[in-house]
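Asker: below are the sequence and a predicted model; questions follow.
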Amino acid sequence: MALIVQKFGGSSVADAESIQRVARRIVETHEAGNEVVVVVSAMGDSTDELLDLASECTASPAPRELDMLLTAGERISMALLAMTIKGMDVDAFSFTGSQAGMITTPDHGSAKIVDVTPGRVREALDKGAVAIVAGFQGFSRDSRDITTLGRGGSDTTAVALAAALNADVCEIYTDVDGVFTTDPRMVPLARKIDSITAEEMLELAASGAKVLHLRAVEYARRHGVVLHVRSSFTGEEGTIVYDPAKGHPKGVQVEESVITGIAAEKSEAKITVGGVPDVPGKAAQIFEVVAKTDANIDIIVQNISEEGRTDISFTVPVTDGERVLAALEAEREALGFGRLKMDDQIAKIAVVGAGMRTSTGVSAQLFRALYDAGINIEMISTSEIRISVVTRADRMEEAVRVLHTAFGLDAEDEATVYAGTGR
Ligand code: ADP
Ligand code: ASP
Ligand code: MG
């Protein structure tokens with residue numbers, strides 16, 4: 001008997017018909033003799049709708065109340081799914097994150113899992129029932145409040161439960177056939193990847209490929225959980241996310257590609273601090289001020305200095321931009337800079353591949369392809385297996401398409417997106 005964790009995203013449970021389709025799949029897995037733990041997201045776009053509703057009520061909703069509100073979304077789908085499965089004559093129990101033992105930090109909207117105590121889930125399985133757990137939510141022992149794990153966090157709930165229950169596999173069901181070379185909504189000729197290393201998936205998720213929550217990939221890697229991303233709409237095989245050091249779960253020999261995938265996002269802003277005195281210690285002072293705002297800095301570029309002054313640009317999430325500007329402005333005199341400006345019309349594009357470690361000329365190929373398309377590069381950053389560039393936001397889709405073709409990733413046929421609005 002295997003223990004299988006199955007996670008169904010919002011587009012897979014968007015309406016009653018979808019819930020019945022998902023329930024049939026769960027019942028089949030259960031009847032094949034497996035123990036099944038299901039993690040479910042809120043129906044369709046309901047998390048976004050709740051957020052819209054909150055902002056119609058008040059300009060800045062209290063984070064604690066926002067978490068109370070958003071967790072209701074997953075509570076609706078878990079109960080509907082459990083009653084549908086029971087209606088198919090298979091026993092099922094739904095559990096909130098707190099009942100399932102998802103213990104988190106108290107940070108509303110971005111809580112981290114610190115412990116998982118799935119006693120009630122285990123009991124349900126021991127009774128021969130299917131356990132359905134609300135994704136994306138937890139409970140803080142410190143604040144005694146309900147928390148959420150950040151947008152897309154149901155993936156992380158599934159991985160954390162899989163690790164705690166020592167599951168044989170963690171299946172992430174979504175509205176596309178698996179992980180693609182890039183977002184198939186943006187590039188229809190994106191190609192499905194059969195197997196991808198956790199390290200590559202981590203870079204893609206961190207760079208905006210929202211098919212998997214970044215924390216879920218990190219958690220899976222740390223705890224040795226194999227992820228299987230697949231469509232809830234078809235029986236296609238999907239994508240295996242694995243750690244090559246532990247071997248491929250199916251014993252498949254995977255050939256390393258130079259470029260595995262491309263991710264892109266518009267969620268960052270570029271802040272430029274101009275006319276900074278070019279003396280030792282200035283960068284430290286500036287970034288100490290930024291660090292106090294808790295904003296996550298990504299790319300940093302310092303220009304060559306002229307007449308003893310230089311410009312420093314860096315990117316932060318757009319949602320942190322105003323806070324960082326205000327913090328720097330407050331220290332203008334002490335820092336001694338001249339200009340300060342924010343540009344939120346930027347996009348970041350990341351090209352990822354484990355084979356980059358051993359290949360040369362990848363950057364040249366990337367820069368040439370963008371130059372040929374007349375797309376200007378504003379910032380560059382690299383890791384061992386990733387090259388990221390910043391471009392104008394309105395050129396992002398075109399840049400990704402151009403690079404997808406230049407690196408030979410285009411498929412023969414167009415990918416299918418089965419549902420969802422991509423919101
Ligand atoms: P779910 O509701 O199932 O969690 P998400 O909307 O969070 O689904 O994630 C699935 C979506 O991720 C796809 O519909 C697709 O548009 C997007 N996506 C972005 N990058 C990729 C990629 N590299 N491969 C597959 N899908 C991707
Ligand atoms: N419902 C939450 C969201 O939309 C969590 C999830 O779907 O993973 O972000
Ligand atoms: Mg998701």
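Answerer: Done, it's in. Residues are numbered from 1 along each chain as shown. Ligands and ions are numbered 1, 2, ... in the order given.
Asker: what are the ranges of the helices in the stretch 101-250 of the chain?
Answerer: In the stretch 101-250 of the chain, the helices defined using DSSP state H, counting those that start in this stretch lie at 119-126, 154-164, 198-206, 214-223.
Asker: got it, and the stretch 301-423 of the chain?
Answerer: In the stretch 301-423 of the chain, the helices defined using DSSP H, counting those that start in this stretch lie at 321-330, 332-335, 362-372, 396-406.
Asker: before we move on, the earlier item: looking at the helices of the stretch 101-250 of the chain, which is buried most?
Answerer: helix 154-164 (a mean of 28; mean count of other C-beta atoms under 10 Å). Glycine gets a C-beta too; all of them are placed from N, C-alpha and C.
Asker: the closest residue to ligand 3 within the chain: what's it in contact with?
Answerer: Residue of the chain nearest ligand 3, by C-beta to the ion: Gly152 (4.2 Å). Taking C-beta atoms under 8 Å, 6 or more residues apart in numbering, we find Gly152 in contact with Lys210, Leu212, His213.
Asker: now do stretch 320-334: distance to the chain's middle.
Answerer: Centre-to-centre, stretch 320-334 and its host chain are 29 Å apart (C-alpha atoms, centre = their mean, to the nearest Å).
Asker: show residues contacting that stretch.
Answerer: 269, 271, 273, 285-286, 289-290, 292-296, 316, 335, 337, 340, 342, 344.
Asker: tabulate the helices of the stretch 101-250 of the chain (TSV), appending distance to ligand 3 and mean pLDDT.
Answerer: What follows is those, written out as TSV (distance: least, C-beta to the ion, whole Å; pLDDT from 0 to 100):
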stretch	distance to ligand 3	mean pLDDT
helix 119-126	21	98
helix 154-164	6	98
helix 198-206	10	96
helix 214-223	9	96
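Asker: walking through the stretch 151-300 of the chain, point out its strands one by one.
Answerer: 169-174, 195-197, 227-231, 239-242, 261-265, 268-277, 300-302 (DSSP state E, counting those that start in this stretch).
Asker: what parts of the chain come near ligand 1?
Answerer: Taking C-beta under 6 Å from any ligand atom as the contact definition, the chain meets ligand 1 at 9-12, 41, 152, 174-176, 179-180, 182-185, 209-211, 261, 417, 420, 422.
Asker: buried only: go through those for me.
Answerer: Neighbour-count burial (16 or more other C-beta atoms under 10 Å) applied to the residues of the chain next to ligand 1 gives 9-12, 41, 152, 174-176, 179-180, 182-185, 209-211, 261, 417, 420.
Asker: of the strands of the stretch 151-300 of the chain, which is nearest ligand 2?
Answerer: strand 169-174 (9.9 Å; C-beta to the nearest ligand atom).
Asker: average pLDDT for the closest one?
Answerer: The pLDDT scores in strand 169-174 average 96.
Asker: and Ala124, what does it touch?
Answerer: Counting by C-beta under 8 Å, 6+ apart, Ala124 makes contact with Phe93, Phe95, Val130, Ala131.
Asker: right, and the pair among the residues you listed with maximum separation?
Answerer: Spatial extent of those (C-beta to C-beta) is set by the pair Phe95 and Val130 at 11.2 Å.
Asker: between these two, who's got more neighbours?
Answerer: Using other C-beta atoms under 10 Å, the more surrounded residue of Phe95 and Val130 is Val130, with 26 against 20.
Asker: count of residues packed around the residue nearest to that one when sequence neighbours are not counted?
Answerer: Spatially, and ignoring its direct neighbours in sequence, Val130 is nearest to Ala92 (4.3 Å; C-beta to C-beta, 6 or more residues apart in numbering). The number of residues packed near Ala92 is 24, by other C-beta under 10 Å.
Asker: Ala92 and ligand 1, how far apart?
Answerer: 21 Å (C-beta to the nearest ligand atom, to the nearest Å).
Asker: go ahead and confirm that residue touches Ile132.
Answerer: Yes - applying C-beta atoms under 8 Å as the test, Ala92 and Ile132 come out as touching, 5.9 Å apart.
Asker: quick check: neighbours shared by these two?
Answerer: Listed as contacting both Ala92 and Ile132 by C-beta under 8 Å, 6+ apart are Leu81, Ala82, Ile85.
Asker: does ligand 3 sit close to the helix or strand where the first one lies?
Answerer: When elements are defined using DSSP states H and E, Leu81 is found to belong to helix 63-87. No - residues of helix 63-87 are not located near ligand 3 by C-beta under 5 Å from the ion, the shortest gap being 12.4 Å.
Asker: show me what counts as buried in that helix.
Answerer: Neighbour-count burial for helix 63-87 flags 66-75, 77-78, 80-82, 84-85 (criterion: 16+ other C-beta under 10 Å).
Asker: same check, this time on stretch 107-123
Answerer: Neighbour-count burial for stretch 107-123 flags Asp107, His108, Ala111, Ile113, Val116, Pro118, Val121, Arg122 (criterion: 16+ other C-beta under 10 Å).
Asker: pick out the most distant pair among the residues you listed.
Answerer: Counting by C-beta to C-beta, the most remote pair of the buried residues of stretch 107-123 is His108 and Arg122, 28.3 Å apart.
Asker: what would the shared contacts of Ala92 and Ile132 look like in JSON lines with distance to Val241 and pLDDT?
Answerer: Formatted as JSON lines, the shared contacts of Ala92 and Ile132 follow (distance: C-beta to C-beta, whole Å; pLDDT from 0 to 100):
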{"residue": "Leu81", "distance to Val241": "25", "pLDDT": "98"}
{"residue": "Ala82", "distance to Val241": "28", "pLDDT": "98"}
{"residue": "Ile85", "distance to Val241": "27", "pLDDT": "98"}
